[in-house]
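Student: got a predicted structure here, sequence first:
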Amino acid sequence: MSNKLFDVNTIYAPHVQNDGWGPEVRNGVDAGTTGQNKRLEAFTCKLELPEGVDLHVMCRAHVKNKGWLDPVYDGEICGTVGEGLSLQAIQLQLSGADSDKYEIWIQVHVQNRGWMNWMSGGELAGTVGFDLQAEAIRIMVFAKGVSLKTDGVVGFVEYVAPPAADPVVNKNMAGKYFSWKELSCDCPPWKYGFGWCDGYPEQDLKNQNAPYLIDILDKVREYFGSQVIVTSMIRCQDCNDHWGGIPGSYHTTWQAVDIVVPGHSAYEVAVVANNLTGCGARYYEIDQFTHLEPPGCGVYCQQAA
Ligand SMILES: [Zn+2]
Ligand SMILES: [Zn+2]
């Protein structure tokens, strides 16, 4: 044993921007630079062990643009060389038969922050997510039971991006291209003003059935790339009766929509909607509109209105 304080000698060497490999240092001596704004790009770390002691050191590096690299061991290069990338964080851990008796400690000097706290036993040291370069390190191995930590000093910090904000939901819009007003019953004042309903009868059925048709409408709209006019979607019972719809029509349960695509025949629209979505598509040759509903009828020629 060379001395009492360091039973196990830790020997490490820095690879610094512009300077390349620096000299090996040991047991807590600075490796790298401070105050020169030079990034630490890689390092090696190995152990000099007393006779009969079985100990290995694992090193992991968090590198700019790459994230955490695979672990390396016992003097292998940890980090990158020749890529111009800074180390940002480091994890060291001991293994081997005697790893329960020893602890490895690391302290990282970080751009704009200075020396961070000592970290040990597989703790992460340095920073992640701030794009701050590590500039220097100190490493040592002690018998377990000694702590080098300073109270209130951070040894590792990671920036975690806040969750993305919810996309702005426009409550007026039913889908990407269609407003709820366009899909409403004819009752409200902005249409015929019948007043039998508020325009949106059968809320439960609306929640249950409308999304299917709205998705179809958006797809058809996207296919044609031009205006799609909704002539009728939901009809309350009274409106359905008023317009002479068949009793129990799909229109009364948010399961049918009638559309016109200017410049395209009712048949063409029916074929497109059916091909795109598999929905039922009835085309009205005389009135030239297309009625879309759940699958079943395929593309169907509906002579009568
Ligand atoms: Zn109505
Ligand atoms: Zn219809």
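Tutor: Yep, that arrived. Ligands and ions are numbered 1, 2, ... in the order given.

Student: for the stretch 151-300 of the chain, which residues are neighbours of ligand 1?
Tutor: Within the stretch 151-300 of the chain, the positions near ligand 1 by CB under 5 Å from the ion are C185, C187, W196, C197, C236, C239. All C-beta spots, glycine's among them, are computed from the backbone N, C-alpha and C.

Student: compare these and tell me which is most surrounded.
Tutor: C185 (26 neighbours; other CB atoms under 10 Å).

Student: quick one: secondary structure of that residue?
Tutor: coil (DSSP: H, G, I helix; E, B strand; the rest coil).

Student: who's in contact with it?
Tutor: When contacts are counted by CB atoms under 8 Å, 6 or more residues apart in numbering, C185 touches K191, W196, C197, G199, Y200, P201, I234, R235, C236, C239.

Student: quick one, domains of this protein?
Tutor: Segmentation of the chain into domains, based on automatic domain parsing, reads 9-158, 180-302.

Student: quick one: contacts for N172?
Tutor: Here N172 is in contact with S179, W180, K181 (CB under 8 Å, 6+ apart).

Student: need the domains of the chain in CSV with mean pLDDT, can you?
Tutor: Shown next, in CSV, are these (pLDDT from 0 to 100):
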stretch, mean pLDDT
domain 9-158, 96
domain 180-302, 94
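
Student: ok, and the closest non-adjacent residue to the residue of the stretch 201-305 of the chain found nearest ligand 2?
Tutor: Closest residue of the stretch 201-305 of the chain to ligand 2, CB to the ion: H291 (3.4 Å). Distance criterion CB to CB, 6 or more residues apart in numbering; nearest residue to H291, sequence neighbours excluded, is R282 at 4.4 Å.

Student: mind checking how far the one you found is from A256?
Tutor: Look at R282 and A256: by CB to CB, to the nearest Å, they are 9 Å apart.

Student: V53 - how many residues pack around it?
Tutor: Neighbours of V53 (other CB under 10 Å): 15.

Student: what's the answer for H251, then?
Tutor: Using other CB under 10 Å: H251 sits among 23 other residues.

Student: please verify my assumption that it contacts S232.
Tutor: Yes - with contacts counted by CB atoms under 8 Å, H251 reaches S232, the gap being 6.3 Å.

Student: so what sits against both of the two?
Tutor: D258.

Student: so the residue nearest to H291 sits in a strand?
Tutor: Yes - assessed by three-state DSSP, R282 belongs to a strand.

Student: so what's it bridging to?
Tutor: Note on R282: beta-bridge partners by DSSP bridges are H291, Y300.

Student: in this structure it contacts Q302, no?
Tutor: Yes - using CB under 8 Å, R282 is in contact with Q302, at 4.3 Å.

Student: need the overlap of contacts for these two.
Tutor: Residues touching both R282 and Q302 by CB under 8 Å, 6+ apart: H291.

Student: circling back: between the contacts of C185, which is nearest A210?
Tutor: I234 (7.8 Å; CB to CB).

Student: which SSE is the closest one in?
Tutor: Counting by DSSP states H and E, no helix or strand carries I234.

Student: avg pLDDT for stretch 165-179?
Tutor: The average pLDDT for stretch 165-179 rounds to 83.

Student: could you dump stretch 108-121 to PDB, C-alpha only?
Tutor: The C-alpha coordinates for stretch 108-121 follow below in PDB (Å, rounded to 0.1, in the frame of the first residue of the first chain):
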ATOM      1  CA  VAL A 108     -17.500  17.400 -12.700                       C
ATOM      2  CA  HIS A 109     -16.600  20.900 -13.500                       C
ATOM      3  CA  VAL A 110     -19.300  22.300 -15.800                       C
ATOM      4  CA  GLN A 111     -19.300  25.300 -18.000                       C
ATOM      5  CA  ASN A 112     -21.100  28.300 -16.300                       C
ATOM      6  CA  ARG A 113     -21.600  26.200 -13.200                       C
ATOM      7  CA  GLY A 114     -18.200  25.400 -11.900                       C
ATOM      8  CA  TRP A 115     -17.500  22.400  -9.700                       C
ATOM      9  CA  MET A 116     -20.700  20.400  -9.000                       C
ATOM     10  CA  ASN A 117     -21.000  18.100  -6.000                       C
ATOM     11  CA  TRP A 118     -19.300  14.800  -5.500                       C
ATOM     12  CA  MET A 119     -21.300  11.900  -6.700                       C
ATOM     13  CA  SER A 120     -20.800   8.200  -5.900                       C
ATOM     14  CA  GLY A 121     -22.000   4.700  -6.400                       C
END
